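Engineer: Sharing a sequence plus its predicted fold:
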Amino acid sequence: MKKRVSCILMLAATTLAAPPVFAQASAPAAAQNATNPVDPAAVEALQKMGTWLQSLKRFSVSTDLTGERVLEDGQKLQHSANAELDVDRPHRIRAVLTTARGKREIFFDGKAVTLYTPAQKYFSTVAFDGTIGGLIDRLRDNYGVEIPLADLFVWGTPEAPTGQFESAMYAGQDYINDDLCNHYAFRQKAIDWQIWISAGASPMPRKIVITRRDDDARPQSVSILDWTIPPRFKDSDFAFHPPAGAKKIEIVPVKNKG
């Protein structure tokens with residue numbers, strides 16, 4: 001009898017309900033206009049970042065995430081996770097998510113997607129021949145699986161609206177490691193979020209902070225992103241080869257698509 005499991009692979013709090021691109025504005029405003037809390041230059045910075053992200057065809061990116069869990073008495077507990085992505089657009093991606101609870105891996109070679117848990121040596125494979133963007137939608141909608149840093153494939157596309165901001169502002173410059181970055185802050189719906197974008201010729205997102213406003217404790221997540229361009233992966237890295245003792249199982253859809 002086949003084993004059936006529901007696989008959830010997600011990097012909590014890294015998916016923003018926000019628009020594209022991080023990039024410095026050509027002439028960032030020093031402060032918000034009192035009559036217009038949405039600074040057009042801040043929105044333009046996101047758009048420039050998105051354009052740059054969409055121009056990348058082969059890259060590796062990793063993130064270290066620190067999040068917060070709030071107890072009933074208000075005490076906050078931190079947790080951490082790490083995600084690594086190798087990307088060869090438009091049809092290949094490998095993602096690795098590591099938390100204290102274990103490691104999860106996703107392989108997509110343009111023909112099939114495989115989800116693998118090294119500790120248990122369980123893997124599930126589903127045929128799919130679309131793009132990375134289509135894969136992200138299918139895994140999320142059909143199986144409840146989130147690819148880490150999925151927003152990197154949305155920013156700079158028509159699916160990344162920029163009209164939902166209650167406020168948007170330029171907040172100055174900071175260093176993320178040795179990288180001078182322009183800092184922007186946005187408010188929308190139930191979250192505040194900040195982004196630091198490299199101030200050089202490559203407007204890459206380097207840090208993201210999300211604060212939930214629908215919780216009085218205001219829990220935050222902080223993600224630091226590191227990029228490798230050009231990447232060092234091999235074409236063979238996108239193909240999954242079951243190790244000795246690995247067991248194939250069936251991934252169960254989260255709902256009946258009828």
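Structural biologist: That came through, no problem.
Engineer: all helices of the stretch 51-200 of the chain, in order?
Structural biologist: In the stretch 51-200 of the chain, the helices defined using DSSP state H, counting those that start in this stretch lie at 132-143.
Engineer: Residue ranges in it under the pLDDT threshold?
Structural biologist: Nowhere does the stretch 51-200 of the chain drop to pLDDT under 70.
Engineer: can you give me the strands in it?
Structural biologist: 58-70, 76-88, 92-99, 102-108, 112-117, 122-127, 167-176, 179-188, 191-198 (DSSP state E, counting those that start in this stretch).
Engineer: Ok, which of the ones you listed comes nearest T51?
Structural biologist: strand 191-198 (12.2 Å; C-beta to C-beta). C-beta coordinates here come from the backbone N, C-alpha and C atoms, glycine included.
Engineer: Which strands and helices lie in contact with the closest one?
Structural biologist: In terms of contacts (3 or more C-beta pairs under 8 Å, 6 or more residues apart in numbering; DSSP states H and E), strand 191-198 is packed against helix 40-55, strand 167-176, strand 179-188, strand 205-212.
Engineer: before we move on, the earlier item: what about the strands of the stretch 51-200 of the chain, which gets the closest to P253?
Structural biologist: So among the strands of the stretch 51-200 of the chain, strand 122-127 is nearest, using C-beta to C-beta, at 10.0 Å.
Engineer: So what touches the closest one?
Structural biologist: With contacts defined as C-beta atoms under 8 Å, 6 or more residues apart in numbering, strand 122-127 is touched by 3, 5, 7, 111-117, 240, 242, 246-251.
Engineer: And for stretch 220-232?
Structural biologist: Under C-beta under 8 Å, 6+ apart, the answer for stretch 220-232 is 12-14, 56, 58-68, 86-87, 149, 176, 202, 204-212.
Engineer: Show me which residues of that stretch are buried.
Structural biologist: Across stretch 220-232, burial judged by 16 or more other C-beta atoms under 10 Å covers Q220, S221, V222, S223, L225, W227, P231.
Engineer: Give me the secondary structure label for the fourth one.
Structural biologist: What DSSP: H, G, I helix; E, B strand; the rest coil gives for S223 is strand.
Engineer: what about it, distance to R101?
Structural biologist: Distance, S223 to R101, using C-beta to C-beta, to the nearest Å: 18 Å.
Engineer: And for the second one?
Structural biologist: When C-beta to C-beta is the yardstick, S221 and R101 sit 17 Å from each other.
Engineer: Let me see the contact set for the closest residue to F123 other than its chain neighbours.
Structural biologist: Spatially, and ignoring its direct neighbours in sequence, F123 is nearest to Y116 (4.3 Å; C-beta to C-beta, 6 or more residues apart in numbering). For Y116, the contact set (C-beta under 8 Å, 6+ apart) comprises R104, E105, I106, F107, Y122, F123, F240, A246.
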